[in-house]
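1. Predicted model follows, preceded by the sequence.
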Amino acid sequence: MPTNGNVNRLQGQVAIVTGSSSGIGKAVAQAMAAEGASVVVNHSGRSAEAAEQVVASIKAAGGNAIVIPADVSNEDEVKKIFAETIKSYGTVDILVNNAGLQKDAAFVDMTLEQWKTVLDINLTGQFLCAREAAREFLRRGIVPAKSKAAGKIICMSSVHEVIPWAGHCNYAASKGGVMLLMKSMAQELAPHKIRVNSIGPGAIKTPINRSAWETPEAERKLLTLIPYGRVGEPSDIGLAAVWLASDESDYVTGTTLFVDGGMTLYPGFATGG
Ligand code: BGC
């Protein structure tokens with residue numbers, strides 16, 4: 001768990017982190033709990049044990065967390081996450097729209113099901129959760145003792161909101177959609193003191209891309225795309241998410257913070273062009 005000299009930057013706040021039984025979501029849940037937030041660990045329904053382990057790790061470190069299973073692409077289940085969170089913790093201050101998946105296929109072979117599943121979870125899921133969060137933020141308004149903002153939404157995007165990705169058209173389309181969903185929400189909600197931003201992770205060592213870093217040979221190939229010379233760790237994203245949720249970033253809204261070791265810097269042009 002990242003402990004970068006925690007100063008309780010999220011003390012007294014409630015954070016829902018979707019898809020937080022593993023990978024980036026887990027690291028974000030742990031990092032926010034370490035900063036004093038009460039955290040809702042959400043999973044799709046198939047990772048109950050892993051989600052309980054995340055909660056146990058947070059509690060062992062002195063934090064506060066509960067598990068709420070729900071499929072983020074299902075409107076009723078999303079409403080249930082928020083209703084149960086409010087029942088347990090009173091309100092919601094931070095939403096991390098993290099749940100996401102890949103169903104990779106060559107474009108000409110991609111099935112409608114592969115397309116729809118990825119768009120449903122990665123894009124529609126973010127819409128449904130953000131809408132419920134914004135409704136609660138508007139209802140409650142600012143609580144100065146907790147935060148200068150009425151609420152914060154962090155969308156987990158990807159470098160692939162700007163980098164095209166052959167063999168992953170559904171995924172890249174979903175993240176491109178997240179970019180303008182995030183910016184449009186940010187524009188609409190800023191007058192209500194709700195901040196909306198994205199994190200654009202590059203290659204982070206999680207189950208979603210295990211084959212890209214698991215063997216030394218795969219890792220060497222991956223590193224040609226990363227000027228900073230290392231594959232990212234989930235805690236790199238956890239620390240960025242804490243900052244974006246805290247008042248330290250109070251003047252930041254409508255932006256994507258790329259946390260990618262320079263993957264978006266067109267490394268192929270470092271010597272060419
Ligand atoms: C994808 C990973 C990939 C990374 C960099 C992420 O959004 O989920 O599979 O390694 O982008 O290409």
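-> Perfect, I can see it now. Numbers count the residues shown, from 1 in each chain.

2. Convert the C-alpha atoms of the host helix or strand of Ala172 to PDB, please.
-> Using DSSP states H and E, Ala172 sits in helix 169-189. Written as PDB, here are the backbone C-alpha positions of helix 169-189 (Å, rounded to 0.1, in the frame of the first residue of the first chain):
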ATOM      1  CA  CYS A 169     -11.000  -0.900 -31.700                       C
ATOM      2  CA  ASN A 170     -13.700  -1.400 -29.100                       C
ATOM      3  CA  TYR A 171     -11.400  -0.500 -26.200                       C
ATOM      4  CA  ALA A 172      -9.900   2.600 -27.900                       C
ATOM      5  CA  ALA A 173     -13.400   3.800 -28.900                       C
ATOM      6  CA  SER A 174     -14.600   3.400 -25.300                       C
ATOM      7  CA  LYS A 175     -11.700   5.400 -24.000                       C
ATOM      8  CA  GLY A 176     -12.000   8.100 -26.700                       C
ATOM      9  CA  GLY A 177     -15.700   8.300 -25.500                       C
ATOM     10  CA  VAL A 178     -14.600   8.600 -21.900                       C
ATOM     11  CA  MET A 179     -12.500  11.600 -22.800                       C
ATOM     12  CA  LEU A 180     -15.300  13.700 -24.200                       C
ATOM     13  CA  LEU A 181     -17.800  12.400 -21.600                       C
ATOM     14  CA  MET A 182     -15.400  13.500 -18.900                       C
ATOM     15  CA  LYS A 183     -14.800  16.900 -20.500                       C
ATOM     16  CA  SER A 184     -18.500  17.600 -21.200                       C
ATOM     17  CA  MET A 185     -19.500  16.600 -17.700                       C
ATOM     18  CA  ALA A 186     -16.700  18.800 -16.300                       C
ATOM     19  CA  GLN A 187     -18.000  21.800 -18.300                       C
ATOM     20  CA  GLU A 188     -21.600  21.200 -17.200                       C
ATOM     21  CA  LEU A 189     -20.900  20.500 -13.500                       C
END
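
3. Need the three-state assignment for the residue in the stretch 1-150 of the chain that the ligand sits nearest to.
-> Going by CB to the nearest ligand atom, the ligand is nearest to Gln102 of the stretch 1-150 of the chain, at 5.7 Å. Glycine gets a C-beta too; all of them are placed from N, C-alpha and C. Secondary structure state of Gln102, per DSSP: H, G, I helix; E, B strand; the rest coil, is coil.

4. Could I get the contacting residues of the residue of the stretch 51-200 of the chain found nearest the ligand?
-> The nearest approach of the stretch 51-200 of the chain to the ligand comes at Ser158, 3.2 Å away (CB to the nearest ligand atom). Listed by CB atoms under 8 Å, 6 or more residues apart in numbering, the contact set of Ser158 reads Tyr171, Lys175, Gly200, Pro201.
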